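1. model this:
(one chain, ligands or ions: 2)
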Amino acid sequence: MDMNKLSKIYVAGHRGLVGSAIYRKLQEEGFDNLVVRTSGELDLRDDEQVNDFFAEQRIEYVFLAAAKVGGIMANREHPVEFLRDNLCIQNNVIDAAYQTGVKKLLFLGSTCIYPKLAPQPLKEEYLLTGELEPTNEPYAVAKIAGIKLCQAYNRQYGTRFISVMPTNLYGRNDNYDLQHSHVLPALLRKFHEAKEQGLPFVEIWGSGEPRREFLYVDDLANACLFLMEHYESSEIINIGLGEDIAIHELADRIRQVVGYEGAIRYDASKPDGTPRKLVDVSKINGLGWKAVTSLDEGLQQTYTWFLHNQAPVKNILLGI
Ligand SMILES: NC(=O)C1=CN([C@@H]2O[C@H](COP(=O)(O)OP(=O)(O)OC[C@H]3O[C@@H](n4cnc5c(N)ncnc54)[C@H](OP(=O)(O)O)[C@@H]3O)[C@@H](O)[C@H]2O)C=CC1
Ligand SMILES: C[C@H]1O[C@H](OP(=O)(O)OP(=O)(O)OC[C@H]2O[C@@H](n3cnc4c(=O)[nH]c(N)nc43)[C@H](O)[C@@H]2O)[C@@H](O)[C@@H](O)C1=O
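-> Ligands and ions are numbered 1, 2, ... in the order given. The predicted structure follows:
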């Protein structure tokens with residue numbers, strides 16, 4: 001019944017930050033019956049395409065890491081896509097998984113599902129106990145609907161669909177777009193470019209006071225495999241490092257990793273978002289899983305990857 005090396009596993013969103021890390025981890029562990037499709041080959045918002053794909057492939061396990069994802073400004077500028085596309089993707093994949101008898105599905109939620117002013121650290125039971133953060137409410141509503149849909153299928157049809165809530169993530173294959181990415185990749189790129197171009201300062205959005213928790217995506221992938229193999233409950237489960245950091249401290253750490261010696265300025269016209277987001281990891285730790293990569297190690301590895309993969313591409317485009 002449980003996932004074995006020959007099981008047919010679909011990683012939805014395999015080119016993204018999370019999906020690519022899960023794909024790498026599955027390969028490393030010797031799972032070699034993996035199915036993947038780009039969004040160009042299979043648009044998961046289209047129910048006919050999704051139903052045909054699942055009917056043809058007879059998939060046994062699904063990691064649902066395909067979604068419309070972005071940082072604070074992307075969420076603010078594109079509320080329609082963050083709500084509508086995510087609802088379509090998850091409704092289509094979850095229903096097709098049920099219709100074709102998928103043995104187990106793991107749905108990627110996010111800690112933005114918790115109320116903006118919930119007590120810290122965020123326990124799983126705080127879901128739906130207060131107002132959401134307005135900058136990402138449409139995305140959070142879609143994610144909450146995904147959790148509830150998994151629970152509903154489990155209750156009504158006896159499926160095994162689990163939902164995990166990772167904290168903010170970073171690592172290779174992240175989105176490094178300055179306008180639409182999350183803070184960590186944006187700052188790596190801003191400091192790198194400021195150093196390369198000898199700029200006198202780097203601009204950080206907001207006050208620098210909000211606190212966030214950052215988990216290295218390879219640890220997250222490891223947790224997803226662990227939970228696919230050892231977690232059966234319909235109840236949500238957090239995945240995090242268990243420590244958070246203020247954005248101004250993050251900026252200073254990244255400045256040091258990159259080796260930039262200029263100044264840091266704050267742009268108060270940009271939103272801060274939720275003041276703090278630290279997850280309680282006692283549930284997953286109690287099952288025997290713990291993150292192993294410190295923020296310093298993860299930043300170093302991510303910057304090395306960036307230098308080999310992102311920075312040269314940019315330099316070629318700029319002709320430098
Ligand atoms: N990044 C983070 O900090 C966090 C992420 N998560 C969750 O993890 C999951 C993955 O996020 P992340 O890896 O960061 O996102 P990315 O943007 O890096 O990757 C998303 C992937 O989804 C695929 N995708 C998007 N739209 C469609 C579509 N219409 N049809 C098919 N595929 C589509 C893309 O495929 P293609 O490349 O082929 O276009 C892409 O590879 C999401 O559910 C997100 O909510 C949770 C907490 C934090
Ligand atoms: C994962 C999570 O990610 C999002 O929520 P968020 O954590 O608020 O997003 P963020 O990473 O964009 O910002 C974190 C903090 O950092 C500050 N900040 C400074 N300078 C830059 C900067 O240059 N870029 C960005 N993006 N932010 C910056 C920024 O102002 C904010 O205070 C949602 O998608 C949400 O739905 C979700 O799930």
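2. show me where pLDDT drops low in the stretch 1-150 of the chain?
-> For the stretch 1-150 of the chain, applying pLDDT under 70 flags the ranges 1.
3. can you check the pLDDT for residue 319?
-> Residue 319 carries a pLDDT value of 43.
4. residue numbers of the stretch 51-200 of the chain in contact with ligand 1?
-> 65-69, 89, 108, 110, 166, 168-169, 175, 182 (Cβ under 6 Å from any ligand atom). To be clear about C-beta, it is placed using only N, CA and C from the backbone, and glycine gets the same treatment.
5. show me what contacts the closest residue to ligand 2 within the chain?
-> Proximity of the chain to ligand 2 (Cβ to the nearest ligand atom) peaks at residue 71, 2.7 Å away. Listed by Cβ atoms under 8 Å, 6 or more residues apart in numbering, the contact set of residue 71 reads 180, 181, 182, 183, 186.
6. looking at those residues, which one is closest to ligand 1?
-> Closest to ligand 1, out of all of the contacts of residue 71 and judged by Cβ to the nearest ligand atom, is residue 182, at 5.3 Å.
7. which one is the residue of the chain found nearest ligand 1 nearest to, not counting chain neighbours?
-> Residue of the chain nearest ligand 1, by Cβ to the nearest ligand atom: residue 16 (2.0 Å). Leaving aside its sequence neighbours, residue 16 sits nearest to residue 65 (Cβ to Cβ, 6 or more residues apart in numbering; 6.2 Å).
8. burial measure for the one you found, as a count.
-> 25 (other Cβ atoms under 10 Å).
9. can you show me the strands along this protein?
-> Assigned by DSSP state E, the chain shows strands spanning 9-12, 34-35, 61-64, 104-108, 161-166, 168-170, 201-205, 211-212, 214-216, 237-239, 245-246, 263-267, 276-277.
10. contact residues of the stretch 51-200 of the chain facing ligand 2?
-> Looking at ligand 2, the residues of the stretch 51-200 of the chain close enough under Cβ under 6 Å from any ligand atom are 70-72, 75, 110, 112, 136, 139, 168, 181-183, 186-187.
11. among the residues you listed, which are in helices?
-> Among those, DSSP state H puts 72, 75, 139, 183, 186, 187 in helices.
12. now render those residues as JSON lines, adding distance to residue 226 and neighbour count.
-> Formatted as JSON lines, these follow (distance: Cβ to Cβ, whole Å; neighbours: other Cβ atoms under 10 Å):
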{"residue": "72", "distance to residue 226": "30", "neighbour count": "23"}
{"residue": "75", "distance to residue 226": "29", "neighbour count": "25"}
{"residue": "139", "distance to residue 226": "26", "neighbour count": "27"}
{"residue": "183", "distance to residue 226": "27", "neighbour count": "22"}
{"residue": "186", "distance to residue 226": "30", "neighbour count": "23"}
{"residue": "187", "distance to residue 226": "30", "neighbour count": "25"}
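13. max pairwise distance over these: which two?
-> 139 and 187 (21.2 Å; Cβ to Cβ).
14. what sits against residue 126?
-> By Cβ under 8 Å, 6+ apart, the contact list for residue 126 reads 114, 115, 118, 119.
15. over to residue 292?
-> Contacts of residue 292 (Cβ under 8 Å, 6+ apart): 219, 222.
16. the same query, at a cut-off of 10 Å, please.
-> Going by Cβ atoms under 10 Å, 6 or more residues apart in numbering, residue 292 touches 216, 218, 219, 222, 241.
17. among the strands of the chain, which is nearest residue 131?
-> The closest of the strands of the chain to residue 131 is strand 276-277. By Cβ to Cβ, the value is 14.7 Å.
18. now the closest one: average pLDDT?
-> Taken as a whole, strand 276-277 has an average pLDDT of 96.
19. is any residue of it near ligand 1?
-> No - Strand 276-277 lies out of reach of ligand 1 by Cβ under 6 Å from any ligand atom, never closer than 10.1 Å.
20. if anything else comes up later, I'll come back, but that's it for now.
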